[in-house]
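# for reference, the sequence and a predicted model appear below.
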Amino acid sequence: MNESSHIVTNSMSDIYLLIVIALLCIFIVVVYSYFTSKISKQNEHFLDISQGIKDREVNQNALLASISDDIYRLTQNLLEPHKENKPVSVIENEILNSAGNLRELLKIKSNKVRIYSEKFNFSHMLGDISLHLASSFRDVNTEVVFDIDSNMPVHLYGDVLHFSRIVNNILEFSIRATPYGKVVLKVSCQKPINNEIVMNVQISDTSEGMNAEECHTLFDLSYDEETNKHTGLRLHIAKKLTRVIGGTIEVESERGAGNTFDLVVPMEVDTSLYVKDHSVFKKEYGNKRVLIFSEKPATGTSLENLFSPFYKEVVIVGNEEVDQRKINFADYDILVLDDIYFNPINNKYLASIKQNNKMDIVAFNSIFLENVEEGNELIDVHLEMPSNLARIDELTDNLAAQEEESVDSTSVLDPDGKLPVCRESIEETGNITVENFSHFKGSRLLIVEDNLINQKILMSVLKKSGMEIDIANHGQEALDLLFIEKKKYDIVLMDISMPVMDGLIATQHIRQNQAFNLLPIITFTAFAMGAEIEQMFEAKVNAYLTKPLNIKKLYTVFNMFLGNIHRKVSLKKAIEIEGLDIEQGIAWADESEVLYKETLKEFVSVYKDTADFVPKWIKEERYDLVKGTCTEMQGILGMMGAYEMKEIVDSMQKNFLYSNELFLDKYTVIYPEKLKKLMLAIEQYLRT
């Protein structure tokens, strides 16, 4: 009995043990299945992320190739402009923009965007943006309005270079989206805290707008394979640069309601001159009555906001009041009239009332349209819209100066009796083309100008002249060329509004050195008004030219100061380095050797290690990485003038085009050899 009981007990123990083992196995299987499923999902997630990164890289590489194709196409158009039916200057600006986008994208990809914090005049920045827009768009009917808070500080500290590019890129997008509507730039700021402010920039348009999906992808790079065109580059760059300078950018839109961009950017403020006080001017001259006639209400309101700080009474009228003669122009001291008002009948009416009344007439038109009333003697001042407070400040000072006394407009000699000074507006020389500038062959010219487009325009006029030309990007660079490098020049073209050091301060420094008493300095400015003219001649400039460039006036001023100079053309040979067409590379860099060298440095930083990576990727058959690298490099190599290396990359791309990846083996040797040769050539050039 006892033995039988013992056997049963042992059997039950074995059963319990088997049950426990079975349950443990089930538990292990469940846990294993759970974690296997979780790991599988994570792998799928990582694969999705990897594929997303790969897709973005493919899109970016396609984009870079597309920009490269654009540059090539535009170059062909420049050689044969009749095929595109576009002015050469427009094609050159398109080339400049494409090359500039390529360089900016290269800097962003390599995380080499530099932040420049400097003091700048906000109104002058708006003026530069207006000039850029005017050179980028011709004969468009978009109404662009600047609505600036009256409490906006005069001077700010921040990265004006990238801030202005961000604003400009958004404005260009909105103008293209609104060919017949309205684009408004509204800027306000909060009160400064410890010299720091937050700027709120809103750009709105009356375009067709976008749906939610289009808004979501608006700042992404994209490439349309059907049209072979890239989209989103400017806004992508704006978004990236906004993050770099510590700001944010958002967009709101819906179909039929237009687009609204909200840009928030931190800045520092110069509290010593927070807001300019116009009360002294208003007390002395502000009793004048101002009448504004604008066909477009938003432009009229903008003009009212600009003139109100200076004059007590500013009245706006529209078409109805003017057409039905409900308003008497003779009751006003200053008439601000839309260009469309001027015609033979209205001109006769204006002449009659101006003959019997002391009156000033200001004519305004869009920056995108030709000034057809430039020769109208009834008009005292021409104004381009959109405008800004600094421009109106100069305009009102000029009108006040005309009232007190006429400015001496005769050509006089400076104290040493040798160097002419011309205070009047430079007259045009008739029948002048770019070929006529060869008369000044061998003369040495220094251009001091920060705007790349203005540099490009000047160089396009003078590139065949045979003049020896250097470019400084601001006043300090000009002083370095004169005082440190001891460069000799026959004439200087000096922009007024520039970062780091403006043109007036640079001119004052130059004039303090008697060695430059006989160096003609011609200022180049967008604000040729009374107060600024006086400041220029107080700094001892010799004459001034106004923007945009007039080649007939440029010829006049060159002839005035260079007419008796006969120099031998420099026989100094250009630097020749095998594998690098330096002359062509500098031409692509807007004739700026500094910019060209910066591009070469960025190229070395980004692509140096591909001498090791590309052969490795070929051996591992990771052809997508090889193709992506080649696509990126194609446009950049052409822009650099590295045509020997470009031939290698082009031939590699052909293998991808015809699905001949197996023929890439030979490039495991050729690619690193040629790239290392190019790197040595770049190093050699950068040492010169």
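Received it, and whenever you're ready, just let me know what you need. Nothing here was measured: the structure is a model prediction, and the numbers come from that model.

# centre of the chain to stretch 249-264, how far?
22 Å (CA atoms, centre = their mean, to the nearest Å).

# endpoint to endpoint, that stretch covers what distance?
6 Å (CA to CA, to the nearest Å).

# measure N431 to K552 for me?
9 Å (CB to CB, to the nearest Å). Bear in mind the C-beta positions are built from the backbone N, C-alpha and C, glycine included.

# can you list the domains in this structure?
Per automatic domain parsing, the structural domains of the chain span 117-273, 279-404, 411-432+467-562.

# show me the one of the ones you listed that comes nearest D650.
domain 117-273 (17.5 Å; CB to CB).

# how far away from the center of its chain is that closest one?
Using CA atoms, centre = their mean, the offset of domain 117-273 from its chain centre is 12 Å.

# and the strand or helix carrying K553, what's buried?
In this structure, K553 sits in helix 551-562 according to DSSP states H and E. Within helix 551-562, the residues scored as buried using 16 or more other CB atoms under 10 Å are 551, 553-558, 560-562.

# ok, now stretch 669-686?
671-672, 674-675, 677-679, 681-682, 685.

# kindly report the same for stretch 148-167.
Across stretch 148-167, burial judged by 16+ other CB under 10 Å covers 148, 152-167.

# give me the mean pLDDT for that stretch.
For stretch 148-167, the mean pLDDT works out to 87.

# again with stretch 181-196
Mean predicted lDDT for stretch 181-196 stands at 88.

# how near is T525 to E268?
Counting by CB to CB - T525 and E268 are separated by 27 Å.

# D128 is in what secondary structure piece?
Short version, using DSSP H and E: D128 is in helix 122-136.

# related to what we said a few turns ago, contacts for the helix holding K553, please.
Helix 551-562 has contacts (CB atoms under 8 Å, 6 or more residues apart in numbering) with 420, 422, 426-430, 432-434, 436-437, 439-440, 443, 461, 490-491, 520, 522, 542-543, 545.

# just the buried residues out of these, in PyMOL syntax.
Typed into PyMOL, the next command selects the buried ones out of those (criterion: 16+ other CB under 10 Å):
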select buried, resi 422+426+429+432+436+437+440+443+461+490+491+520+522+542+543+545
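
# from the contacts of helix 551-562, which ones fall inside helices?
V461 (DSSP state H).

# where does pLDDT dip in the stretch 301-450 of the chain?
372-374, 401-418 (pLDDT under 70).

# would you mind giving both backbone torsions of Q355?
When read as degrees, to the nearest 10, the backbone of Q355 gives phi -70, psi -30.

# next one: the one 10 residues further on
Reported as degrees, to the nearest 10, the phi and psi values for N365 are phi -150, psi 170.

# beta-bridge partners for it, please?
Beta bridges link N365 to E384, judged by DSSP bridges.

# you'd agree I148 is up against A390?
No: proximity of I148 to A390 does not meet the contact threshold set by CB atoms under 8 Å, at 10.5 Å.

# center of this protein - which residue?
R165 (4.6 Å; CA atoms, centre = their mean).

# helix or strand for it, which one?
helix 160-177.

# which strands and helices lie in contact with that helix?
Counting contacts by 3 or more CB pairs under 8 Å, 6 or more residues apart in numbering; DSSP states H and E, helix 160-177 is packed against helix 122-136, strand 182-189, strand 196-205, helix 233-244, strand 259-269.

# identify the residues contacting that helix?
104, 113, 115-116, 118, 120, 125, 128-129, 132-133, 136-137, 140, 142, 144, 183, 185, 201, 203-205, 207-208, 234-235, 237-238, 241-242, 244-245, 247, 249, 259, 261, 263, 265, 499.

# and stretch 122-135, by the same measure?
Contacts to stretch 122-135, defined as CB under 8 Å, 6+ apart, come from residues 93, 144, 146, 148, 152-156, 160, 163-164, 167-168, 171-172, 175, 367-368, 384, 386-391, 451, 453-454, 457, 497, 526-527, 547-548.

# 7 Å instead?
Contacting residues not belonging to stretch 122-135 are listed as 93, 146, 152-153, 156, 160, 164, 167-168, 171, 367-368, 386, 388-391, 451, 453, 497, 526-527, 547-548 [CB atoms under 7 Å, 6 or more residues apart in numbering].

# what is the mean pLDDT for that stretch?
Here the average pLDDT along stretch 122-135 is 82.

# with stretch 200-219 instead?
The average pLDDT for stretch 200-219 rounds to 90.

# what of stretch 107-117?
76.

# equivalent analysis for stretch 488-502, please.
89.

# looks to me like K464 is in a strand.
No: read with DSSP: H, G, I helix; E, B strand; the rest coil, K464 is coil and lies in no strand.

# can you give me the end-to-end distance of stretch 495-509?
15 Å.

# what's it in contact with?
118, 120-121, 124, 127-128, 160-161, 448-450, 474-476, 478-479, 494, 521, 523-525, 535-536, 539-541.

# now, of those, which are buried?
The buried subset of the contacts of stretch 495-509 (16+ other CB under 10 Å) comprises 120-121, 124, 127-128, 160-161, 448-450, 474-476, 478-479, 494, 521, 523-525, 536, 539-541.

# V448 bridge partners, please.
A472, M494.

# please begin residue numbering at 395 from this point
From this message on, residue numbering opens at 395, which makes the last subject V842.

# do you know how far it is from E862?
From V842 over to E862 (counting by CB to CB), the distance is 15 Å.

# would you list every one of the strands in the stretch 595-744 of the chain?
All strands of the stretch 595-744 of the chain, identified by DSSP state E, counting those that start in this stretch, fall at 616-618, 623-625, 642-647, 653-663, 683-687, 707-711, 728-732.

# give the buried residues for the fifth one.
Counting neighbours by 16+ other CB under 10 Å, one finds that the buried residues in strand 683-687 are 684-687.

# max pairwise distance over the residues you listed: which two?
Maximum distance among these (CB to CB): 11.0 Å, for V684 and F687.

# for H526, see how far away P942 is.
11 Å.

# same question but for L994, I mixed them up
26 Å.

# likewise V730?
25 Å.

# more neighbours, these two?
V730 (25 against 22; other CB atoms under 10 Å).

# quick one: residues contacting the more buried one.
684-686, 697, 756, 758.

# ok, the residue lying closest to E715 once chain neighbours are set aside - how many residues close by?
Closest residue in space to E715, ignoring its immediate chain neighbours: I721 at 4.8 Å, by CB to CB, 6 or more residues apart in numbering. Other residues lying near I721 total 15 when counted by other CB under 10 Å.
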